[in-house]
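Asks: below are the sequence and a predicted model; questions follow.
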Amino acid sequence: MIELKDILHGIPVRQVIGNLNVAVSDLNFDSRKVMPNGMFVAVAGLHTDGHQYIDAAINQGATVVLCEQLPEITKDDITYVQVDDSAFALGVSASNYFGNPSRKLRLVGVTGTNGKTTIVTLLYKLFRKLGYEVGLLSTVHNLVGDRVVAATHTTPDPLALNKLLHEMVDAGCDYCFMEVSSHAIVQQRIAGLNFAGGIFSNITHDHLDFHKTFDEYIKAKKTFFDGLDRFAFALSNADDKHGAVMLQNTFAHKKTYGLKHMADFKAKVIESHFDGMLLYLDGQEVWVKLVGNFNAYNILAVYGAAILLEQETMKILTALSNITGAEGRFDTTISKNGVIGIVDYAHTPDAVQNVLETIGDLRKNKVHIITVLGCGGDRDKAKRPVMAAVAVKYSDKVVITSDNPRTEDPMQIIQDMESGIPQDKKRNVFSIADRREAIRAACHLAQPGDIVLVAGKGHEKYQEIKGQRYDFDDKAVLVGAFNEQ
Ligand SMILES: CC(=O)N[C@H]1[C@@H](OP(=O)(O)OP(=O)(O)OC[C@H]2O[C@@H](n3ccc(=O)[nH]c3=O)[C@H](O)[C@@H]2O)O[C@H](CO)[C@@H](O)[C@@H]1O[C@H](C)C(=O)N[C@@H](C)C(=O)N[C@H](CCC(=O)O)C(=O)O
Ligand SMILES: Nc1ncnc2c1ncn2[C@@H]1O[C@H](COP(=O)(O)OP(=O)(O)OP(=O)(O)O)[C@@H](O)[C@H]1O
Ligand SMILES: N[C@H](CCC[C@H](N)C(=O)O)C(=O)O
Ligand SMILES: [Mg+2]
């Protein structure tokens, strides 16, 4: 039980109707989940507005309502708190409700278009190896120490997020590494959190359905760094065109990493193989089990953050050489007749290009690269033709298929992708809507030594079609197809 006035700490309140000295036994932003003597926070969404459900929340037992617009008729036994920004108030009140757990461990957030999951996963594994108790909030899953909590979002809603942080504190975690998505920044899921550091990976085309313009997308990412305080570090990618902008207005301690430009943390790729690469990192040689220039950036970000979190260089490097990346990222399998299969979560034009360039650099004797690729439904439509064009440019053959069509028509998504393919390349492209059949077809096209890249779904264990989730696992389907050969 916590008193309402304590939940409101740090929230600019415009008006209160009713009693502030009431105990609140539950906090919710979904009227359907409100509990007796609970507090309901009305937030405007993309599909509907929580303000429409204030009565429903009261009928469910809410005794406190926090909102931006007061209802025309207020009830005597209910406390109404009016604020200017209820999404911000939700974040802060969720932190207060759970005892501000982000102040009781060191929380590091990672934002950027690609690489967030990889960086936080590597940080989680690294700090475990360095002997700490650690929490993780990621697209693949959340971890409270060793305990797995399924992830519904890349960055959970403020209630789920603070509840998990609270559990991490209870479990004795010293650190938590979390992904900060641009949706979470705009929707203020991270309001009220205290970050010990923030990391920027990169920014390229994605989510323009939500942010509308690339400038708005940049602005969203930058807001995260603007919100860091002077005790935190802000670590940015010096080689990214927008890396400097991220640090422009932050109060945090600014640091950079990069392979090309001048930076505080520098690295060079010396050797690359399918199972890892040799890096020259901050004056030392280190073998890591990840592949590709893009992963050299991820490793550098992790190394820099570990130094900024006061860890010792040699211990970091030794631990780094013994850890693997996140599930479903550049995951390699070889068929019995020597076809190399790679499952990867590339679902943006930049990621597809990076992975295919890496494969192109690693391949021997110009063996063929066959890419299986789809694009998600109910997501950025503008990236579809671009992803297809990139796949075609860097592959010998492409099988266009479905990713998660969600509520969209799979054939329409495929057509949107096909529109990006130059006429003279069309003969190398096949479209097969059924993802299982597409993967099988790619494997049948492959000769020994060829490489089949299955991109876009990585670790995901489902496919969402017409709003329904079906079991689906790219790796299992790929291995099954290999076994048929
Ligand atoms: C686009 C987006 O981010 N949507 C999120 C948003 O939903 P919404 O805006 O549609 O909400 P809404 O349905 O309009 O409802 C508005 C409010 O009314 C309330 N309500 C609604 C109905 C009712 O009966 N009673 C009631 O109180 C709702 O609880 C809500 O507070 O708020 C919901 C509650 O927190 C989220 O679950 C939902 O995530 C959806 C499922 C989603 O798919 N989000 C994706 C795009 C997302 O967030 N992705 C990023 C990662 C992106 C990346 O970098 O790759 C992520 O962090 O996961
Ligand atoms: N630093 C990077 N730069 C560019 N591409 C990358 C980088 N790291 C990973 N990738 C590519 O992006 C894909 C997704 O990587 P990862 O899951 O780490 O990113 P993410 O930012 O967490 O994505 P999401 O937005 O879905 O949470 C990888 O499978 C790989 O193809
Ligand atoms: N976090 C990303 C993941 C996309 C993964 C891809 N498989 C898809 O479904 O589009 C999103 O929700 O946009
Ligand atoms: Mg992620």
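Replies: Perfect, I can see it now. Ligands and ions are numbered 1, 2, ... in the order given.

Asks: G112 contacts G198, doesn't it?
Replies: No. Applying Cβ atoms under 8 Å as the test, G112 and G198 come out as separate, 10.4 Å apart. All C-beta atoms are positioned from the backbone trio N, CA, C, and that covers glycine.

Asks: can you give me the strands for the stretch 351-485 of the chain?
Replies: 369-373, 397-400, 429-431, 451-455, 462-465, 468-471 (DSSP state E, counting those that start in this stretch).

Asks: could you give the angle of the first one to strand 451-455?
Replies: Per axes from the mean of the first three to the mean of the last three Cα atoms, to 10 degrees, the angle that strand 369-373 makes with strand 451-455 is 20 degrees.

Asks: pairing partners for strand 369-373, with directions?
Replies: strand 397-400 (parallel), strand 451-455 (parallel) (DSSP bridges).

Asks: give me the distance from the shortest one to the chain's centre.
Replies: It refers to strand 397-400. Computed by Cα atoms, centre = their mean, to the nearest Å, the chain-centroid distance of strand 397-400 equals 26 Å.

Asks: center of the protein, which residue is that?
Replies: T154 (4.4 Å; Cα atoms, centre = their mean).

Asks: roughly how far does Q353 sit from S395?
Replies: According to Cβ to Cβ, to the nearest Å, Q353 stands 11 Å off from S395.

Asks: over to T74?
Replies: 62 Å.

Asks: more neighbours: these two, which one.
Replies: S395 (26 against 13; other Cβ atoms under 10 Å).

Asks: check contacts around the more buried one.
Replies: 356, 369-371, 428, 453 (Cβ atoms under 8 Å, 6 or more residues apart in numbering).

Asks: can you rerun that using 10 Å?
Replies: Residues near S395 by Cβ atoms under 10 Å, 6 or more residues apart in numbering: 352, 356, 359-360, 368-373, 425, 428-429, 451-453, 455.

Asks: residues from this protein in reach of ligand 3?
Replies: Proximity of the chain to ligand 3, by Cβ under 6 Å from any ligand atom, involves residues 139, 154, 347, 376, 379, 403-404, 456-457, 460.

Asks: helices along the stretch 351-485 of the chain, start to end?
Replies: 383-394, 410-418, 435-445, 474-484 (DSSP state H, counting those that start in this stretch).

Asks: can you tell me which of those is packed in deepest?
Replies: With neighbours taken as mean count of other Cβ atoms under 10 Å, the helices of the stretch 351-485 of the chain reach their highest mean count in helix 383-394, at a mean of 23.

Asks: what about it and ligand 1, touching?
Replies: No. If you take Cβ under 6 Å from any ligand atom as the test, helix 383-394 misses ligand 1, and the best it gets is 11.7 Å.

Asks: same question for stretch 85-98.
Replies: No. Stretch 85-98 is not in contact with ligand 1 by Cβ under 6 Å from any ligand atom; minimum separation 8.3 Å.
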